[in-house]
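Undergrad: structural data only, the sequence is not supplied:
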């Protein structure tokens, strides 16, 4: 009996030691965290500069900031409409729990897919429709346009600027009008000629439009399209141009006056963190210079320091709330048909800016429909 008791004690001790040594090892090895899958949809190919380049840089910023906590992917050159809906749906079916759709024409496809995937969060960038799982975000591009207009107004010799524009939506009209107001704030004789393309990305058309504007006495051009073709045309013709979306000095080292750049990395990272920690909520963000979503800089070598300092000072004024491009300070602001659109002393509300459907005095062109 004594031997049996000893045997049982040894067995118990051995069993206890086995589990006391082994169990903690299992307890200290938690299941690996599944990364948050994030999808991005791009309206053009990923190029070295432009609208999509800035969003691709933002995707990389998310990867750099969050590391193994996220797994990002993108689909490029996706046409707006039915093709976009297919791609967005595929990304949701592949397990992406956060999907960024940065193009105005992606808004309706995003809303359709969001209804079928209530557990997926969607960020409709430049859209305006909301749902419990769809947030919207945009930038106050017009703030940068106003500042670029100041540079153009100081640098032009012919008092004529050109503007290659995609579509006559409020966002584009805001940019044309702010650019013109900025230009005329320092050069009251300045005029802006607009060419509508009804395309976001068509490099040959963009180039041809820029060349036509140069032939009409424009010595500086701005654009709201997706490629670098306008910058390349300005470089070729020995003219000046305003880079948009990205710094384009690599493409137009002699032509670039200044760049209006979009900075999406901070916003995208913030929204990904919100999904990870469970704090994500639908809503609308419209940020500009103050929020760091729009920045003007990257001056070309031809721009005198005095002009650079003036532009940067006005940028600081916008950030501080001292300057609003759509505020009428000294006189009424009229459209190019003579109607008062901002009375002296008044300022447009965000709602009015978002519904803009006119061209300001000084613009030679019409709101093409």
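TA: The structure has been received and is ready for your questions. All values reported here derive from a predicted model rather than from experimental measurement.

Undergrad: any regions of the stretch 251-369 of the chain where pLDDT drops low?
TA: Scanning the stretch 251-369 of the chain for pLDDT under 70 picks out the ranges 368-369.

Undergrad: okay, now the domains of this protein?
TA: 36-140+264-287, 141-261+294-364 (automatic domain parsing).

Undergrad: need the ones you listed in CSV with mean neighbour count, can you?
TA: Every residue, glycine included, has its C-beta placed from N, CA and C. Compiled in CSV, the domains of the chain are given as follows (neighbours: other C-beta atoms under 10 Å):
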stretch, mean neighbour count
domain 36-140+264-287, 18
domain 141-261+294-364, 20
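
Undergrad: contacts only, for the residue nearest the centre of the chain.
TA: Geometric centre of the chain, nearest residue: residue 262, 5.0 Å, by C-alpha atoms, centre = their mean. Applying C-beta atoms under 8 Å, 6 or more residues apart in numbering, we find residue 262 in contact with 51, 54, 139, 141, 245, 293, 294.

Undergrad: going by distance to residue 113, which of the residues you listed wins?
TA: Comparing the contacts of residue 262 against residue 113 with C-beta to C-beta picks out residue 51 as the nearest, at 21.7 Å.

Undergrad: backbone phi and psi for that closest one, please?
TA: Per-residue torsions, residue 51: phi -50, psi -50 (degrees, to the nearest 10).

Undergrad: wait, isn't it in contact with residue 226?
TA: Yes - the pair residue 51 and residue 226 qualifies as a contact (C-beta atoms under 8 Å) at a distance of 5.1 Å.

Undergrad: now for these two: what residues contact both?
TA: 43, 44, 200, 245.

Undergrad: from residue 153, how far out is the third one?
TA: Here the criterion is C-beta to C-beta, to the nearest Å. By it, residue 200 lies 27 Å from residue 153.

Undergrad: mind listing what the nearest residue to residue 361 once chain neighbours are set aside touches?
TA: Spatial nearest neighbour of residue 361, excluding adjacent residues (C-beta to C-beta, 6 or more residues apart in numbering): residue 334 at 4.7 Å. If you count contacts by C-beta under 8 Å, 6+ apart, residue 334 has them with 340, 341, 360, 361.

Undergrad: show me these that map onto strands.
TA: Mapping the contacts of residue 334 onto strands (DSSP state E) picks out 340, 341.

Undergrad: what is the nearest of the contacts of residue 334 to residue 220?
TA: Proximity of the contacts of residue 334 to residue 220 (C-beta to C-beta) peaks at residue 360, which lies at 17.5 Å.

Undergrad: how about the nearest residue to the closest one, chain neighbours excluded?
TA: residue 177 (4.3 Å).

Undergrad: ok so the one you found is a helix residue?
TA: Yes - assigned with DSSP: H, G, I helix; E, B strand; the rest coil, residue 177 falls within a helix.

Undergrad: pLDDT at it, what is it?
TA: At residue 177, the model reports a pLDDT of 98.

Undergrad: measure it to residue 145 for me?
TA: 8 Å.

Undergrad: what's the farthest-apart pair in the contacts of residue 334?
TA: Distance extremes for the contacts of residue 334: the farthest pair is 340 and 360 at 11.3 Å, using C-beta to C-beta.

Undergrad: what is in contact with those two at once?
TA: Both residue 340 and residue 360 are in contact with 333, 334, where contact means C-beta under 8 Å, 6+ apart.

Undergrad: if we can go back for a sec, ok, so of the shared contacts of residue 51 and residue 226, who is nearest residue 133?
TA: Closest to residue 133 out of those is residue 43 (21.9 Å), distances taken as C-beta to C-beta.

Undergrad: any chance you could map the strands in the stretch 151-300 of the chain?
TA: Here the stretch 151-300 of the chain has its strands, by DSSP state E, counting those that start in this stretch, at 160-165, 191-196, 220-224, 240-245, 256-262, 284-287, 294-297.

Undergrad: was I right to think residue 178 contacts residue 150?
TA: No - judged on C-beta under 8 Å, residue 178 makes no contact with residue 150 at a distance of 10.5 Å.

Undergrad: grab the nearest non-local neighbour of residue 175.
TA: Per C-beta to C-beta, 6+ apart, closest to residue 175 is residue 145, 4.3 Å.

Undergrad: coming back round to it: tell me the predicted confidence for the nearest residue to the residue nearest to the centre of the chain once chain neighbours are set aside.
TA: Spatial nearest neighbour of residue 262, excluding adjacent residues (C-beta to C-beta, 6+ apart): residue 54 at 4.6 Å. Looking at residue 54, its pLDDT reads 93.

Undergrad: now do the same contact list for residue 54.
TA: 245, 246, 261, 262, 263, 264.
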